[in-house]
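Visitor: dropping a prediction and its sequence here:
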Amino acid sequence: MNIEAVKAIYFAEMRRTRNTLLQSIASPVISTALYFVVFGSAIGSRIQSVDGVPYGLFIVPGLMMLSLLTQSISNASFGIFFPKFTGTIYEIMSAPISHFEIILGYVGAAATKSFIIGSIILVTAAFFVELRIAHPVWMMAFFLLTCVTFSLFGFIIGLWADNFEKLQLIPLLVITPLVFLGGSFYSVSMLPEFWQKVSLMNPVLYLISGFRWSFFEVSDVSVTTSLAMIVMFLVVCLTIVWWMFKTGYKIKP
Amino acid sequence: MENSAKTNTDTIADAIADTIIEIKGLGKTYSGGQVALNDINLDIREGEILALLGPNGAGKTTLISAICGLVSPTSGTVTVAGFDIKKDYRQTRELIGLVPQELTLGAFELVVNTVNLSRGLFGKKPDEQYIDSILEKLTLSDKKNAMVQQLSGGMKRRVLIAKALAHQPRILFLDEPTAGVDVELRKDMWALVEELRRDGVTIILTTHYIEEAEEIADRVGVINNGQLMLLEDKATLMQKMGNKQLVVELKDAIDEIPESLAHYKLGLSADGTKLTYHYDIKSERTGITGLLGDLGKAGLSFKDLATSQSSLEDIFVELVGAQS
């Protein structure tokens, strides 16, 4: 195990985050505060509660998931896309590092960053609502699993993308709609029956549902299903990334 | 007699032990069908400076990339210090430093950070003192905390060299190191190469500047169309292929070469004042005495004589020209 290399990649990536501190930390905080003002206060004041949870509080897990997913993907995808774009990836590819170590460095750094952002959002939320977490351990488990899994997913996008447009494509066209339609701001039970069935095909629904359960013990689907879904997604991502490195797809001519 | 036989065996044994990179039947065909390397066989000796010459697109960079793990070969094997580049990639890559042809550097990094990153990637613990010494040798000390994007092209090239040396490699690949580099950096670079060679580092450089190879290489390989066309000690090569020419400057211009001199296959300059004669220095009879005598007999008097030896460039042009 080339620990030095993993550390080198990890800290170089974290340094990159520090250099862009304002946009990486301030922007999620500002957007979360805005969501609280708009959904929590303005609209939320007209919605009394969802499943017995005050609306402002109800949206906290969904908001966190929204940020975790988008941030994990954009951090990790950019982290590996940029060296590909500038050509500095030659150094990674010619270094004595295994694929696993490369992933550990990049995905580890992206996941750490998401974790920090998620924590900041949680703290920010505490200023707006009276926060309560019913199952802190489960909350942490969902929190961490989401950071890692979607950083890995972002890493795959970064490897796959060969231009900036492709880099934006999946987050914009796939992830954002899935998060919004996955019940981040509402309970799926509020939808007409047909759309409830459609929603069950949305993997993000399971994430948000499970995460929300760890806060308030209310969920759209069972918590084990949620956990199984996220672990399954993690395995799928691991398989894809393993295959990409194994075949050198888009990495090695 | 016995002694010399023993010495001979030793030399051979040494030569084998001295091989640091062994390339056997290496081939690379890109997915589009383009053949970049075709059955390359090459032993690189420890501590030598090997110059790979060839026109653009000859396959030099692909060869280097294959050894460094940037390109997957389609056939053949490469071992570095006895380790297979695929199976034992950790061992082989640790030994190698690569300075790429393009100025590939992250824009928003500090010089010292990017050099430290390189050291870490190759599995070495941070060593500030060593990194400082590298930066000093490359006259980068005052740029240590500068942002990479603020540096000039020449400075970026120096940073790339510092990165390649950051993990104290035993083998250094320099891919077109002097492309777009000013005289000063070139001088610094060759001084550094000389120093590395003294420390026993094996250096492989690609270039299409023949003077470079002529100046510093121990051996020269010529690659064209993905094939290694020639590999020779520089001195042997120059001697083997170098023929000389004699230019005779005439007092009075002539319209055509006299019949009596036809068998010398002379060349006549456009203005009719210079005759050129090619001869082989190794042959017993160069024919110079005869030529000069015959010139006098033909009634031609001459003003000046000059001889010159063909350079690597002539050899190179001859080789590449012959193939295409």
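Guide: Looks like it came in fine.

Visitor: and the closest residue to residue B:122 other than its chain neighbours, which of the three is it?
Guide: In this structure, residue B:122 finds its nearest non-sequential neighbour in residue B:167, 3.5 Å apart by CB to CB, 6 or more residues apart in numbering or on different chains. Just so you know, the C-beta spots here come from the backbone N, C-alpha and C atoms, and that holds for glycine as well. Per DSSP: H, G, I helix; E, B strand; the rest coil, the local secondary structure of residue B:167 is coil.

Visitor: residue A:125 - that's part of a strand, no?
Guide: No - per three-state DSSP, residue A:125 lies outside any strand segment and is helix.

Visitor: what about it, neighbour count?
Guide: 23 (other CB atoms under 10 Å in any protein chain shown).

Visitor: count of neighbours near residue 92?
Guide: In the absence of a named chain, this looks at chain A. When neighbours are defined as other CB under 10 Å, residue A:92 has 21 of them.

Visitor: actually it's chain B I care about, not the one you picked
Guide: Residues lying near residue B:92 (other CB under 10 Å) number 24.

Visitor: distance check, the closest residue to chain B within the stretch 51-200 of chain A against residue B:61.
Guide: When scored by CB to the nearest CB, the stretch 51-200 of chain A has residue A:87 as its residue closest to chain B, at 3.5 Å. Counting by CB to CB, to the nearest Å, the separation of residue A:87 from residue B:61 is 13 Å.

Visitor: give the next helix or strand downstream of the helix or strand containing residue B:237.
Guide: Taking DSSP states H and E as the definition, one finds residue B:237 inside helix B:234-241. Downstream of helix B:234-241, the next assigned helix or strand under DSSP H and E is strand B:244-250.

Visitor: quick one: strands adjacent to that following strand?
Guide: strand B:274-279 (antiparallel), strand B:302-309 (antiparallel) (DSSP bridges).

Visitor: any chance of JSON lines for those, columns mean pLDDT and mean neighbour count?
Guide: Listed next are these as JSON lines, based on pLDDT from 0 to 100; neighbours: other CB atoms under 10 Å in any protein chain shown:
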{"stretch": "strand B:274-279", "mean pLDDT": "86", "mean neighbour count": "18"}
{"stretch": "strand B:302-309", "mean pLDDT": "83", "mean neighbour count": "12"}
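
Visitor: adding distance to residue B:83, write these out as TSV.
Guide: Output for the strands paired with strand B:244-250, formatted as TSV (distance: least, CB to CB, whole Å):
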stretch	distance to residue B:83
strand B:274-279	48
strand B:302-309	42
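
Visitor: find me the pLDDT at the closest residue to chain A within the stretch 101-250 of chain B, would you?
Guide: Scanning the stretch 101-250 of chain B for the residue nearest chain A gives residue B:120, at 2.6 Å (criterion: CB to the nearest CB). Note for residue B:120: predicted pLDDT of 96.

Visitor: for it, what are its contacts?
Guide: Neighbouring residues of residue B:120 by CB atoms under 8 Å, 6 or more residues apart in numbering or on different chains: A:4-5, A:7-9, B:126.

Visitor: at 6 Å what do you get?
Guide: For residue B:120, the contacting residues are A:4-5, A:8, by CB atoms under 6 Å, 6 or more residues apart in numbering or on different chains.

Visitor: kindly report the same for residue B:274.
Guide: Residues near residue B:274 by CB under 6 Å, 6+ apart: B:247, B:249.

Visitor: relative to chain A, how far out is it?
Guide: Distance of residue B:274 to chain A, given as CB to the nearest CB, to the nearest Å: 50 Å.

Visitor: and the residue nearest the centre of the chain?
Guide: In the absence of a named chain, this looks at chain A. Residue closest to the average C-alpha location in chain A (CA atoms, centre = their mean): residue A:69, at 2.3 Å.

Visitor: that's the wrong chain, I meant chain B
Guide: Most central in chain B under CA atoms, centre = their mean is residue B:51, positioned 1.9 Å from the mean C-alpha point.

Visitor: low pLDDT regions in the stretch 151-300 of chain B?
Guide: Applying pLDDT under 70 to the stretch 151-300 of chain B flags residues B:239-243, B:282.

Visitor: still on that earlier bit, quick check: closest non-adjacent residue to the residue of the stretch 51-200 of chain A closest to chain B.
Guide: Residue A:87's closest residue in space is residue B:104 (CB to CB, 6+ apart), at 3.5 Å.

Visitor: measure that neighbour to residue A:79 for me?
Guide: To residue A:79, residue B:104 is 17 Å away according to CB to CB.

Visitor: repeat for residue A:206
Guide: 26 Å.

Visitor: helix, strand, or coil at the residue nearest to residue A:87?
Guide: For residue B:104, the assignment made with three-state DSSP gives coil.

Visitor: next, it: phi, psi?
Guide: The phi/psi pair for residue B:104 (degrees, to the nearest 10) reads phi -90, psi 100.

Visitor: right, and it touches residue A:88 too?
Guide: Yes - in this structure, residue B:104 is within contact of residue A:88 by CB atoms under 6 Å, at 5.1 Å.

Visitor: who has more neighbours, the two?
Guide: A direct count of neighbours by other CB under 10 Å for residue B:104 and residue A:88 places residue A:88 higher, at 20 against 16.

Visitor: helix or strand for residue 206, which one?
Guide: I went with chain A, as the question did not name one. Secondary structure (DSSP H and E) places residue A:206 in helix A:203-216.

Visitor: try chain B instead
Guide: Assigned by DSSP H and E, residue B:206 belongs to strand B:202-207.

Visitor: and that strand, how far out from the chain middle?
Guide: Distance of strand B:202-207 from its chain centroid, counting by CA atoms, centre = their mean, to the nearest Å, is 6 Å.

Visitor: identify the residues contacting that strand?
Guide: Strand B:202-207 has contacts (CB under 6 Å, 6+ apart) with B:20, B:46-47, B:49-52, B:60, B:171-177, B:193.

Visitor: show the subsequent helix or strand relative to it.
Guide: Counting by DSSP H and E, the element after strand B:202-207 in chain order, helix or strand, is helix B:210-216.

Visitor: packing partners for that next one?
Guide: Here helix B:210-216 touches strand B:49-53, helix B:312-323, going by 3 or more CB pairs under 6 Å, 6 or more residues apart in numbering or on different chains; DSSP states H and E.

Visitor: the following helix or strand past it pairs with which strands, and in what direction?
Guide: Later in the chain than helix B:210-216, the nearest helix or strand by DSSP H and E is strand B:219-224. Paired strands of strand B:219-224, with direction, are strand B:49-53 (parallel), strand B:227-233 (antiparallel) (DSSP bridges).
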